[in-house]
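*Asks:* quick one: sequence and predicted model below, then my questions.
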Amino acid sequence: MYLKSVLRMGSLMLHFRNGLPLVQQMRAGQPCDEAVLWDGTRITHPPGRGGLLETLQEIWVERIYTREFYRPAAGDMVVDAGANVGIFAIHIARQNSRGQVLALEPFAENFRYLQENVARARLDNVRCCQIALGSGFGMGQMQAVGRRSLDHVLRLEYRSSNVRVCSSLLQESGEVSVVPLSGLFELAGAEEIAFLKVDIEGSERDVFAAAAPDVLRRIKRVAMEYHDGIMPGTLDVLRKALAATHDTTVRPSRQEGCGILLARRGDLKN
């Protein structure tokens, strides 16, 4: 355990110019507001909120969504659902300048930082949308349930048959547009999604339970954080929803009731 901790700290210093202060803040249990890559690219985060350090470790160091599972290729469409401030979107877009990334983040505060971080990174292959994944087209409200930028959940989902109506209401109501998995392809402008990363704090259960097999077949690989601690039974629902179309692997995390579910479409060899 001590060796793994040392390696994680060393990796932060390897990837980030301010790696030493990041390590010091991590050891002190203090929130971090900024990470700076060695090329000078700044990734900023809502001040005083936790979440940045653990996300940097998970995505940039441990690669929990992609390690031994997904290798970016030219022409790939990647969707980052629950993009937060853009750490995964920026990380994957820098690896594959010939692919496209659609970053979805519904919480207004996070979305502002997502847009700013992507703009500073000068990535023309990332598009940001303030949209939530849900069980159908409609509107919803986001609620902060903790002190981290990661702890926001979708509440009060309203159904609508017209996604364009939902978008027009956004500015007037302060609510957020909600789309199901079937709506991602029009948003992405793609027939297939090569890789879908999902971290949406419990909403994943209803999203995948509502998705038809013909929709799921259009997604080659899915890597999502499941939250049985928030929505009991989520992992079982996800496995059942994906059983007809994908082969699944579960990687439990150190936190009870949480982990990563990896799903590879059945016709893919690796």
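*Replies:* Sure, I can see it.
*Asks:* from here on, just use CA atoms for contacts and neighbour counts.
*Replies:* Noted.
*Asks:* against Ile219, how distant is Val198?
*Replies:* Distance of Val198 to Ile219, computed by CA to CA, to the nearest Å: 12 Å.
*Asks:* likewise Ser11?
*Replies:* 32 Å.
*Asks:* more neighbours, these two?
*Replies:* Shown here are Ser11 and Ile219; by other CA atoms under 10 Å, Ile219 has more neighbours (23 against 17).
*Asks:* and the helices in the protein?
*Replies:* Assignment of helices within the chain using DSSP state H yields the ranges 2-15, 19-28, 52-56, 87-95, 108-121, 163-173, 184-188, 204-209, 213-216, 234-242.
*Asks:* any idea which of the ones you listed gets closest to His227?
*Replies:* helix 234-242 (6.5 Å; CA to CA).
*Asks:* tell me how this structure divides into domains.
*Replies:* Per automatic domain parsing, the domain ranges recorded for the chain read 1-62, 69-265.
*Asks:* take those domains and lay them out in JSON lines including mean pLDDT.
*Replies:* Converted to JSON lines, these look like this (pLDDT from 0 to 100):
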{"stretch": "domain 1-62", "mean pLDDT": "83"}
{"stretch": "domain 69-265", "mean pLDDT": "88"}
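*Asks:* which of those sits most buried?
*Replies:* Highest mean neighbour count among the domains of the chain (mean count of other CA atoms under 10 Å): domain 69-265, with a mean of 19.
*Asks:* who does Ala263 bridge with?
*Replies:* When assigned by DSSP bridges, Ala263 has beta-bridge partners Val222, Thr248.
*Asks:* tell me the contacts of it?
*Replies:* By CA atoms under 8 Å, 6 or more residues apart in numbering, the contact list for Ala263 reads Arg221, Val222, Ala223, Leu242, His246, Asp247, Thr248, Thr249.
*Asks:* if you set the cut-off to 10 Å instead, what comes out?
*Replies:* Counting by CA atoms under 10 Å, 6 or more residues apart in numbering, Ala263 makes contact with 69, 195-196, 219-224, 238-239, 242-243, 245-250.
*Asks:* distance between stretch 262-270 and the chain's centre?
*Replies:* Stretch 262-270 sits 20 Å away from the centroid of its parent chain (CA atoms, centre = their mean, to the nearest Å).
*Asks:* endpoints of that stretch, how far apart?
*Replies:* The first and last residues of stretch 262-270 sit 12 Å apart, counting by CA to CA.
*Asks:* on that earlier part again, now for the helices of the chain, which one comes closest to Asp151?
*Replies:* Each of the helices of the chain has some distance to Asp151 by CA to CA; the shortest is helix 108-121, at 11.0 Å.
*Asks:* which other residues reach the closest one?
*Replies:* Against helix 108-121 from outside (CA under 10 Å, 6+ apart): 37, 39-46, 82-87, 89-90, 93-94, 103-105, 122-131, 142, 149-150, 152, 174-176.
*Asks:* give me every residue that touches the residue nearest to Glu201 when sequence neighbours are not counted.
*Replies:* Setting aside the residues directly before and after it, Glu201 is nearest to Val153 in space (CA to CA, 6 or more residues apart in numbering), at 5.8 Å. Contact analysis of Val153 by CA under 10 Å, 6+ apart lists 106-107, 132, 141-146, 200-203, 230.
*Asks:* same question for Ile260.
*Replies:* Contacts for Ile260 (CA under 10 Å, 6+ apart) come out as 64-65, 198-199, 222-227, 235, 249-253.
*Asks:* ok, Leu268 touching Arg217?
*Replies:* No. With contact defined as CA atoms under 10 Å, Leu268 does not reach Arg217; the gap is 11.2 Å.
*Asks:* what is in contact with those two at once?
*Replies:* By CA under 10 Å, 6+ apart, the residues touching both Leu268 and Arg217 are His246.
*Asks:* circling back to that earlier point, among the contacts of Ile260, which ones are in strands?
*Replies:* Among the contacts of Ile260, DSSP state E puts Val198, Val222, Ala223, Met224, Glu225, Tyr226, His227, Thr249, Val250, Arg251, Pro252 in strands.
*Asks:* from Thr248, how far out is the third one?
*Replies:* Shown here: Ala223 relative to Thr248, a distance of 10 Å by CA to CA.
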